[in-house]
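S.K.: A structural model of the following input is requested.
(one chain, ligands or ions: 1)
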Amino acid sequence: MTKVLRLEAIGRRFGDRQVLRDVTFDVAAGRMTGFVGANGAGKTTTMRIILGVLAPDAGTVTWQDAPLTREDRRRFGYMPEERGLYPKMTVRDQLVYLGRLHGLSISAVRRNADELLDWLSLGARADDPLEQLSLGNQQRAQIAAALVHDPDVLVLDEPFSGLDPLAVDTVVAVLRERTAHGVPVLFSSHQLDVVERLCDDLVIIADGTIRAAGSRDGLREAHALPRYSLRVEGDAGWLRDQPGVSIVDLDGPRAVFDLATGADDQEVLRAALSRGAVRSFGPVTPSLAEIFREVTR
Ligand SMILES: Nc1ncnc2c1ncn2[C@@H]1O[C@H](COP(=O)(O)OP(=O)(O)OP(=O)(O)O)[C@@H](O)[C@H]1O
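M.R.: Next up is the predicted model:
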């Protein structure tokens, strides 16, 4: 039995619009899986199908190799796009209420709620109604709500939107603690820099189809170009005449260039050293933004 949440060949249409087509990917135990795509690509629809809020027209979602049951889904933590806490209820009361709804004992749920609120730096606001909190703090409360019942699987729709960089780090620490206990975490985000920094695995969706899925580092390698960056002491203009080199960007001592197939990177390095000091030289790995542009073109 593998602790994997698996989507296989999921299809969904709204009216005559096919919004998901053959959506297949895994969210593995103990991994943070970033789910990225443009507006309307199908992320929220996919997450709603995982949670059973919406039924697929085709395909299956399995957890630990078996089709998802209502009981499994009770053990999932979900942060929906439309949020959905009660504005007039205090933060702590809603967490306790939600934890009880998921079947936790009152003592367990109080303990979890207080721990999460502390961890998310919301302890001082625990007895305030949600509507009196800043938007960023309301967002933290939503995250606490998704986590309060110690879920087996976490599905979070845009958990980092509206958070400042420090708050992002706080939330990441809380999620990492969950993955360290083997929980699979699927989160959607528009912030490619944030996803790049903190996901282990990546799923890229465009127009309802999966364009790339796999480990972040594996995808980077798979999409790597024979591209290099070089910084020398003097002017790097000589690179223009170096065999096999095509310049991508040249700015005084700094250059980014592609190497033709078969050209030797060490040859370029030796050429640089023969002209003076070399401050840095190495391959350039593509950023997530570049991979995203390439696979969604
Ligand atoms: N209930 C619905 N009825 C009709 N069309 C819908 C419905 N829900 C979603 N759609 C359409 O399905 C497509 C996918 O929407 P979805 O919300 O899943 O995208 P998303 O990737 O989450 O986008 P965003 O990043 O903007 O939240 C969109 O074209 C959307 O208009």
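
S.K.: So what pairs up with the spatially most central residue of the chain in the strands?
M.R.: In the chain, the residue lying closest to the centroid (CA atoms, centre = their mean) is Gly34, at 2.2 Å. In this entry, Gly34 is beta-bridged to Phe187, Leu202, by DSSP bridges.

S.K.: ok, now Gly77?
M.R.: Beta-bridge partners for Gly77, by DSSP bridges, are Leu154.

S.K.: need the contact list for it.
M.R.: By CB atoms under 8 Å, 6 or more residues apart in numbering, the contact set of Gly77 is Ala146, Leu147, His149, Pro151, Val153, Leu154, Val155, Leu156. (C-beta placed from N, C-alpha, C; glycine too.)

S.K.: Quick check: end-to-end length of stretch 255-269?
M.R.: Start and end residues of stretch 255-269 are separated by 12 Å (CA to CA, to the nearest Å).

S.K.: Check which residues of the longest helix anywhere in the chain are buried.
M.R.: Taking DSSP state H as the assignment, the helix of the chain that covers the most residues is helix 165-180. Across helix 165-180, burial judged by 16 or more other CB atoms under 10 Å covers Ala167, Val168, Thr170, Val171, Val172, Val174, Leu175, Arg178, Thr179.

S.K.: And stretch 216-235, by the same measure?
M.R.: Buried residues in stretch 216-235, counted by 16+ other CB under 10 Å: Arg216, Leu219, Arg220, His223, Arg227, Tyr228, Leu230, Arg231, Val232.

S.K.: Ok, stretch 290-297 next?
M.R.: For stretch 290-297, by 16+ other CB under 10 Å, it's Glu290, Ile291, Phe292, Thr296.

S.K.: CA atoms of it as CSV?
M.R.: C-alpha atoms of stretch 290-297 as CSV (Å, rounded to 0.1, in the frame of the first residue of the first chain):
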residue,chain,number,x,y,z
GLU,A,290,11.1,29.6,-18.0
ILE,A,291,9.9,26.0,-17.8
PHE,A,292,6.4,27.2,-17.4
ARG,A,293,6.6,29.4,-20.5
GLU,A,294,8.1,26.6,-22.5
VAL,A,295,5.6,23.9,-21.6
THR,A,296,2.5,26.1,-21.8
ARG,A,297,3.3,27.7,-25.1
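
S.K.: Is there proximity between it and the ligand?
M.R.: No: Stretch 290-297 does not reach the ligand (CB under 6 Å from any ligand atom); its nearest approach is 11.9 Å.

S.K.: so of the buried residues of stretch 290-297, which ones are in helices?
M.R.: Members of those lying in helices (criterion: DSSP H): Glu290, Ile291, Phe292, Thr296.

S.K.: what are the ranges of the strands in this structure?
M.R.: 4-14, 17-28, 32-36, 58-63, 66-67, 76-79, 153-156, 185-188, 201-206, 209-215, 227-232, 245-251, 254-259, 278-283 (DSSP state E).

S.K.: that older thread, nearest to Gln191, of the buried residues of stretch 216-235?
M.R.: The closest of the buried residues of stretch 216-235 to Gln191 turns out to be Arg216 (CB to CB; 14.7 Å).

S.K.: Spit out the contact partners of that closest one.
M.R.: With contacts defined as CB under 8 Å, 6+ apart, Arg216 is in contact with Gly34, Glu196, Cys199, Asp200, Asp201, Leu202, Leu288.
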